[in-house]
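Undergrad: okay, here's the prediction I keep looking at, along with the sequence it came from:
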Amino acid sequence: MPEKIPWELMRDCISGFTHDLMSSLSGFTPALLWAGTVSKNPGIKALYAESVKIIGQFHKVSNKFRKFRNSNTEPKNLDARLLEYRKELAVANRRVDLFIGKLEGFLKRHGTALGRRTIEPVKSARDCLVNYRDRFPASQLGKLPEPILRPVNIHGFLKSFSAQKLVDRNGNPVKVVLKGKDIGNAAADPGFLHRGMSNLVTDALNHTPGRPITVELSKKGGHIAIDVTNKGPKLLPEEIGKIGRVRFTRAMHDPNRGFGKISTRILTEAQGGRFEVGNSRIGPKLSIHLPATRRR
């Protein structure tokens, strides 16, 4: 049985799914409107009118679940609500499939008769919808999306990441010190990596406010390791065994904390890496290890 992902990570998956879904779909209607205006072809105008209705249906589903996905705590009957969401998206997706068929039919009938300026937007709309259908199956909603792995220059990524202006809970600026040289690329999903690093740096901020955070890059075997270290009380053996496995934080009275390290482990393992917990010379050390790619 697949591992159940924490609500905080699942909520982000749902929000990302919905945002990307709407971004993918909203791009093709202006092209159809323009083509219909230029060509005066009633068929294109009819396709545009239907495309507006389809977008409206997706907006309706999205708005219905806005409060659900913006919740700070896991909603009651989560599985039932996700199932309801999937069913509504499946209905909208069937309409997309039918619409793709209509676009294909229009291209077959008019592809040679209409000019390129008119027919290209119709092809663009079809390609946009086919891409949407392939990327966003409703059955994946509420699940960790498949990682899109590519070679990522980790040193460049961390240099950009450490340049962010960070502040602690009291609003005081916190410096991120980057150590280590460029040692090549790792196979990673940039979105997953950014989320994992954000979790670890936020964790360090929460536990040692106002103190610098060290991010060190090194190569160990076939992996590139990213170590996040902060000055603070070192982790006890029983704490090391819990972190990343169960909800755990030294501030257990706060119900909104303790999930980030679980999310980081799940995201890292999804990329073929591993998440490690230990201590450095100065304090706790949390690490992301990702497979190194061969230099060409």
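TA: Cool, got the structure. Here the structure is a predicted model, which means the values were calculated and not measured.
Undergrad: what sits against residue 124?
TA: Contact analysis of residue 124 by CB atoms under 8 Å, 6 or more residues apart in numbering lists 28, 31. All C-beta spots, glycine's among them, are computed from the backbone N, C-alpha and C.
Undergrad: ok, 10 Å please
TA: 27, 28, 31, 32, 35 (CB atoms under 10 Å, 6 or more residues apart in numbering).
Undergrad: what distance do you get for the last one to residue 108?
TA: When you say that, I think you mean residue 35. 16 Å (CB to CB, to the nearest Å).
Undergrad: then residue 188?
TA: 42 Å.
Undergrad: neighbour-wise, which of residue 35 and residue 108 wins?
TA: residue 35 (24 against 9; other CB atoms under 10 Å).
Undergrad: ok, that one touching residue 41?
TA: Yes - using CB atoms under 10 Å, residue 35 is in contact with residue 41, at 7.6 Å.
Undergrad: for the lengthiest helix in the chain, packing partners?
TA: The longest helix of the chain (DSSP state H) is helix 78-110. Applying 3 or more CB pairs under 10 Å, 6 or more residues apart in numbering; DSSP states H and E, one finds that helix 78-110 contacts helix 7-26, helix 42-64, helix 66-69, helix 116-135.
Undergrad: those helices into a markdown table, with extra columns for distance to residue 84?
TA: Rendered in a markdown table, the data for those read as follows (distance: least, CB to CB, whole Å):
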| stretch | distance to residue 84 |
| --- | --- |
| helix 7-26 | 13 |
| helix 42-64 | 9 |
| helix 66-69 | 10 |
| helix 116-135 | 21 |
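Undergrad: most neighbours of all the contacts of residue 124, which one?
TA: Top of the contacts of residue 124 by neighbour count (other CB under 10 Å): residue 28, with 26 neighbours.
Undergrad: surely that one meets residue 50?
TA: No - counting by CB under 10 Å, residue 28 stays clear of residue 50, with 11.6 Å between them.
Undergrad: what's the overlap in contacts for those two?
TA: In contact with both residue 28 and residue 50: 99, 103, using CB under 10 Å, 6+ apart.
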